[in-house]
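Q: Model the structure of this input:
(one chain, ligands or ions: 1)
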Amino acid sequence: MIAVIVVSSFAMAIHPPSHVEAIDPTTLNTNVEFAECNLGTRVNPDGSVTVRIIATQFEFLPRCIPVPKGQQVTFRVTSPDVIHGFFIAGSNANTMVVPGYVAQLRTVFSTAGNYLMPCHEFCGLGHSEMWALVKVLEGAQWKTDASGKASCEIPR
Ligand SMILES: [Cu+2]
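A: I've put the predicted structure just below:
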């Protein structure tokens, strides 16, 4: 039995679902993709939507994440410190965020509204305070600036 597990895990390269790609957690602050100005929701030139999030003790950056209804959204999440949980209540988005890796998942939100995104992996004393909000927007509510970035700020 052990031989089967060992051989198959090497042969089939079994990884946890959060293992998509490696990233150096110690230099996250100088990483281009996860730079502060690049975090959040962005519509790419091809029209696809990517959300980049840093999960850190004890918050998600950014804390408010706007996404369009009925369109595939790719989440890319990483952590500079400890293991966090990425879970969007009411959706099928659920993965671990392991430092050293980028967790990536895709989902489609078919209903507009606010979705709570709590950290569901105990990460320390402030764990219970660690959550973000995903706002699924439709129609005119969903908009981006000239660079393709969407934000939760209420227009004045
Ligand atoms: Cu956490």
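Q: Tell me how many other residues crowd the closest residue to P118 other than its chain neighbours.
A: Using C-beta to C-beta, 6 or more residues apart in numbering and skipping the chain neighbours, the partner closest in space to P118 is W131 (4.3 Å). From N, CA and C alone the C-beta is placed, and that goes for glycine too. Neighbours of W131 under the rule other C-beta atoms under 10 Å: 17.
Q: residues contacting W131?
A: Residues counted as contacts of W131 (C-beta atoms under 8 Å, 6 or more residues apart in numbering) are F60, L116, M117, P118, C119.
Q: what does V102 give?
A: V102 makes contacts with V20, E21, A22, I23, R76, V77, T78, as judged by C-beta under 8 Å, 6+ apart.
Q: one more time with 7 Å, if that's ok
A: By C-beta atoms under 7 Å, 6 or more residues apart in numbering, the residues touching V102 are V20, E21, I23, R76, T78.
Q: got the buried residues for the strand or helix carrying S8?
A: S8 is part of helix 2-11, with elements assigned from DSSP states H and E. Residues of helix 2-11 classed as buried: none (neighbour count, 16 or more other C-beta atoms under 10 Å).
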